[in-house]
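*Asks:* got a sequence here, can you model it:
(chains A and B)
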Amino acid sequence: MSGFEFSPSSAYAAACVAAVATYFWRAFGVAIGARLDLKGRVFEWFASVAYAVLAALVVRLIVFPAGELAHMPLAARLGAAGIALGAYAVGRKSIFAGCFAGASTIAVAAIWLAQ
Amino acid sequence: MSVNGAATDDLPAQMGVHAAARAGARAASLAPSMVLGASYIGFGSYVGAHGLGLDYALFSTVTAWALPGQLAATELYLAGSGLLAVALAVALANMRLAPMTVVMMPVVHVPGRAAWRTYAAAFYVAVTCWAMTMMTAPRLARADRLAWFVGCSLMLWTASLVGTVIGFYAAEFLPKPLTLALVFLNPLYFMLLFLQDLRDRSRIYALVSGAALGIPFHLLTPDWGLLIAGLAGGTLAAILARRGPRSPG
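*Replies:* Just a heads-up that it's a prediction; the model follows:
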């Protein structure tokens, strides 16, 4: 572990570039959003695109995850998502119940697969 | 699409910006902070495991708070990519922030307030606090909404920083099944958060078409898949919503 050693300045350069590239979209959103008519078609389109992108993001995080989760079988990830949905429905729309059930399923699957 | 309550301002009494900010922070304080903190445990441990310092991890979470972009920047830096590649990859990973901010602005905008405040607040637009604000703001007086959003995001931002530190130091001690569960909390939480706020038909169309198109477009082009699925799915949903009878509200 690198402890209290400081990261190289090139890492900071990358982080600064990332910060600018991230804030750019937020500022862009303010500039456009402030001019839009809430009832207009352009605004409706932006709203639909925002929700569609986020739904695609959730699907990608579950079906095509990065990192360690990618080593879990797809069936385990889909099963955990299904159990989360079930617990959410049974638990009177409790997000906590859904998250807890789904995440526990992944943990149990990981333990079971490691044996 | 009717973004609720944005049209009329006859809703509840104003509570004042400080009380509104505290209410936002309170709303974010339990489950949302834990879930986002858990995701940042994943980021902190990734940074720690790859030999970068805690200073870098915290700097990244402070200046570019939006997890997919932070991961993309860190991966590319570690792979020795140039700054232009980092800029493009992060811009692509975080492009979703643009339509999200566009949609949130008319909801939280306070007429007559200086523009710089709005630009400053937009620094904190990220999925969790955005979805929470879209759900809650219509029940607040217009003058309180931006403050509620900022309170909510500052709480989540703090949780992200705490998670980054925990992940950095705890990476080697956490059992792997627990790390996997923590990382998987994020998509589960987003999924349920959107299910909780299914008010109008056009939003349901958008979520369903985005989810359905997400898989084929990701397979076609992993870099651009998310964006294309969002544009195509969102456009399709907007057309479908216009064709049918208007949803109430």
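*Asks:* isn't B:Leu156 right next to B:Thr128, touching?
*Replies:* Yes: counting by Cβ atoms under 8 Å, B:Leu156 does reach B:Thr128; the two are 5.7 Å apart. Quick note: C-beta positions are derived from backbone N, CA and C, even for glycine.
*Asks:* higher neighbour count, the two?
*Replies:* Between B:Leu156 and B:Thr128, counted using other Cβ atoms under 10 Å in any protein chain shown, B:Leu156 has the larger neighbour count: 27 against 22.
*Asks:* so who does that one touch?
*Replies:* Counting by Cβ atoms under 8 Å, 6 or more residues apart in numbering or on different chains, B:Leu156 touches B:Ala28, B:Pro32, B:Ser33, B:Leu36, B:Ala126, B:Thr128, B:Cys129.
*Asks:* let's see 7 Å
*Replies:* Counting by Cβ atoms under 7 Å, 6 or more residues apart in numbering or on different chains, B:Leu156 makes contact with B:Ala28, B:Pro32, B:Ser33, B:Leu36, B:Thr128, B:Cys129.
*Asks:* about what we covered before: shared neighbours, B:Leu156 and B:Thr128?
*Replies:* Common contacts of B:Leu156 and B:Thr128, defined by Cβ under 7 Å, 6+ apart, comprise B:Pro32, B:Leu36.
*Asks:* give me the neighbour count for the nearest residue to A:Phe28 once chain neighbours are set aside.
*Replies:* Closest residue in space to A:Phe28, ignoring its immediate chain neighbours: B:Ala98 at 5.0 Å, by Cβ to Cβ, 6 or more residues apart in numbering or on different chains. Look at B:Ala98: counted by other Cβ under 10 Å, it has 25 neighbours.
*Asks:* so can I have TSV of the contacts of B:Leu156 showing distance to A:Arg60 and secondary structure?
*Replies:* Output for those, formatted as TSV (distance: Cβ to Cβ, whole Å; DSSP: H, G, I helix; E, B strand; the rest coil):
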residue	distance to A:Arg60	secondary structure
B:Ala28	25	helix
B:Pro32	21	helix
B:Ser33	24	helix
B:Leu36	18	helix
B:Thr128	17	helix
B:Cys129	21	helix
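*Asks:* quick one: distance of the helix ranked longest in chain A to the chain centre.
*Replies:* Determined from DSSP state H, the single longest helix within chain A is helix A:9-33. Here helix A:9-33 is found 19 Å from its chain centre; the criterion is Cα atoms, centre = their mean, to the nearest Å.
*Asks:* quick one: buried residues of it?
*Replies:* By 16 or more other Cβ atoms under 10 Å in any protein chain shown, the buried positions in helix A:9-33 come out as A:11-12, A:14-19, A:21-33.
*Asks:* domain parsing of chain B, as residue ranges.
*Replies:* B:18-186, B:198-249 (automatic domain parsing).
*Asks:* hmm, who's touching the helix or strand just after the longest helix of chain A?
*Replies:* Downstream of helix A:9-33, the next assigned helix or strand under DSSP states H and E is helix A:41-63. For helix A:41-63, the surrounding residues in contact (Cβ under 7 Å, 6+ apart) are A:36-37, A:74, A:77, A:81, B:1, B:3, B:96, B:99-100, B:102-103, B:127, B:186-187, B:190-191, B:194, B:202-203, B:206-207, B:209-211, B:213-215, B:218, B:226, B:229-231, B:233-235, B:237-238.
*Asks:* pretty sure the residue nearest to A:Phe28 sits against A:Phe24.
*Replies:* No: B:Ala98 is beyond contact range of A:Phe24, at 8.5 Å (criterion: Cβ atoms under 7 Å).
*Asks:* in chain B, which residue sits closest to chain A?
*Replies:* Relative to chain A, the nearest point of chain B is B:Thr101 (2.4 Å; Cβ to the nearest Cβ).
*Asks:* spatially nearest residue to that residue, not counting backbone neighbours?
*Replies:* A:Gly29 (2.4 Å).
*Asks:* residue contacts, the one you found?
*Replies:* Shown in contact with A:Gly29 (Cβ under 7 Å, 6+ apart): B:Leu97, B:Ala98, B:Met100, B:Thr101, B:Val102, B:Met105, B:Ala122, B:Val125.
*Asks:* most surrounded residue in the residues you listed?
*Replies:* When neighbours are counted by other Cβ under 10 Å, B:Met100 leads the contacts of A:Gly29 with 29 neighbours.
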